[in-house]
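Engineer: Test case, fold it:
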Amino acid sequence: MTRFKLVVSEALRSMGANISTSFAAATTVLIGMFLLGLLIALGTWVVSWSDHVKDQLQVKVFFVDDVKDKQINAVGSYLRLHTQPGDLIKDYQFVSRAEGLKRMEKRYPDLARNLPTNPIPAAYEITPRKAEQVKSLSAAIRAAKFPGVLQVKDGQQTSKRILQVARVIEVVFLVAVFILLIASVLLIANTIRLSIFARRREIEVMKLVGATNWFVRGPFMVEGLLCGLVGAFAAVVLLLLGKEIALPAILGHIDTTNDVRALGFTFTALILLVVGLVVGAVGSTFTLHRYLKV
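Structural biologist: Sure, this is the predicted structure:
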């Protein structure tokens with residue numbers, strides 16, 4: 001225990017002697033860990049949101065205004081035949097023009113106010129058994145060429161574009177995090193190298209009186225770990241402030257549901273602290289092997 005305290009005190013003394021480089025290293029780790037935390041939150045939220053979008057994907061078959069009951073029933077019979085286990089359709093529902101107008105009045109009251117006629121066509125809303133089958137299902141209904149059908153639409157194109165934008169954002173964040181992690185390792189390595197250079201005479205004396213290699217290397221290893229840990233902890237604090245202050249304001253302008261959520265903050269914080277320690281360990285180990293030949 002006494003030896004551990006001595007190693008830690010030596011590491012703190014060395015950081016104080018090289019405070020500018022230690023601060024730069026910890027700040028770089030902070031930025032890298034902050035962006036990594038944002039990437040984890042954004043990535044897991046996008047995955048959760050994409051799953052929610054897939055669950056909400058539907059094929060909608062719209063009818064012309066003067067559609068006959070016989071034509072509607074023909075489409076209904078087709079849908080009923082394809083709801084067996086293993087078929088494309090999980091469920092379907094007929095929405096009349098009156099019901100469609102009620103929905104519009106509820107969702108967009110300003111647009112639905114004072115309409116001279118009902119512009120909403122009758123439609124079937126069809127839920128596929130698997131979200132990936134939306135395109136196949138809509139293509140099959142179009143190929144059937146039912147009379148009285150005005151249009152067959154699915155939401156796959158819109159969701160595809162949104163997911164593509166989300167992937168681009170993830171790649172940009174990932175590249176930025178990778179660059180900052182490399183910069184953090186190099187800055188920590190440079191901090192340790194300066195500490196070794198400043199204490200080279202002291203190290204020689206320690207070796208002459210019989211100090212072991214691990215006893216000499218210990219303070220430098222702890223110094224690197226502390227730089228990584230301090231930067232990661234500061235990033236966790238900033239993310240916590242953002243979660244409590246900025247996030248409620250952002251979510252207030254986003255239409256989302258309870259089943260769309262990012263990874264829990266506790267798990268994200270643990271990941272950042274572990275990665276910060278790993279960055280500090282890699283930076284200090286790299287320098288010790290290269291510059292400290294004891």
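
Engineer: Residue 275 and residue 33 touch, don't they?
Structural biologist: Yes: counting by CB atoms under 8 Å, residue 275 touches residue 33, with 6.6 Å between them. Just so you know, the C-beta spots here come from the backbone N, C-alpha and C atoms, and that holds for glycine as well.

Engineer: Which residues are in contact with each of these two?
Structural biologist: Common neighbours of residue 275 and residue 33 (criterion: CB atoms under 8 Å, 6 or more residues apart in numbering): residue 232.

Engineer: Between these two, which has more neighbouring residues?
Structural biologist: Neighbours around residue 275 and residue 33, counted as other CB atoms under 10 Å, are more numerous at residue 33. The numbers are 30 against 21.

Engineer: what helix or strand does the more buried one sit in?
Structural biologist: In this assignment (DSSP states H and E), residue 33 forms part of helix 19-56.

Engineer: which strands and helices sit next to the helix or strand that that helix is followed by?
Structural biologist: Next along the chain after helix 19-56, taking DSSP H and E as the criterion, comes strand 59-63. Contacts defined by 3 or more CB pairs under 8 Å, 6 or more residues apart in numbering; DSSP states H and E place strand 59-63 against helix 69-81, strand 123-128, helix 134-144, strand 149-154.

Engineer: Each with direction, which strands does strand 59-63 pair with?
Structural biologist: strand 123-128 (antiparallel), strand 149-154 (antiparallel) (DSSP bridges).

Engineer: next one: that strand to chain centre, how far?
Structural biologist: Distance of strand 59-63 from its chain centroid, counting by CA atoms, centre = their mean, to the nearest Å, is 34 Å.

Engineer: pull the CA atoms of that strand into PDB?
Structural biologist: Presented in PDB, the C-alpha positions along strand 59-63 are these (Å, rounded to 0.1, in the frame of the first residue of the first chain):
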ATOM      1  CA  VAL A  59     -48.500  -0.400 -47.800                       C
ATOM      2  CA  LYS A  60     -51.500   1.900 -48.600                       C
ATOM      3  CA  VAL A  61     -53.900   1.100 -51.500                       C
ATOM      4  CA  PHE A  62     -55.900   4.200 -52.400                       C
ATOM      5  CA  PHE A  63     -59.100   4.000 -54.400                       C
END
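
Engineer: re the thing from before, tell me which of the strands paired with strand 59-63 sits nearest to residue 102.
Structural biologist: Between residue 102 and the strands paired with strand 59-63, the tightest spacing by CB to CB is seen for strand 123-128, at 13.5 Å.

Engineer: List the buried residues for the closest one?
Structural biologist: Residues of strand 123-128 classed as buried: 123-124, 126-128 (neighbour count, 16 or more other CB atoms under 10 Å).

Engineer: Tell me what angle it forms with helix 134-144.
Structural biologist: 130 degrees (axes from the mean of the first three to the mean of the last three CA atoms, to 10 degrees).

Engineer: just how off-centre is strand 123-128 within its chain?
Structural biologist: 31 Å.

Engineer: Give the buried residues for stretch 187-197.
Structural biologist: Buried residues in stretch 187-197 (16+ other CB under 10 Å): 187-196.
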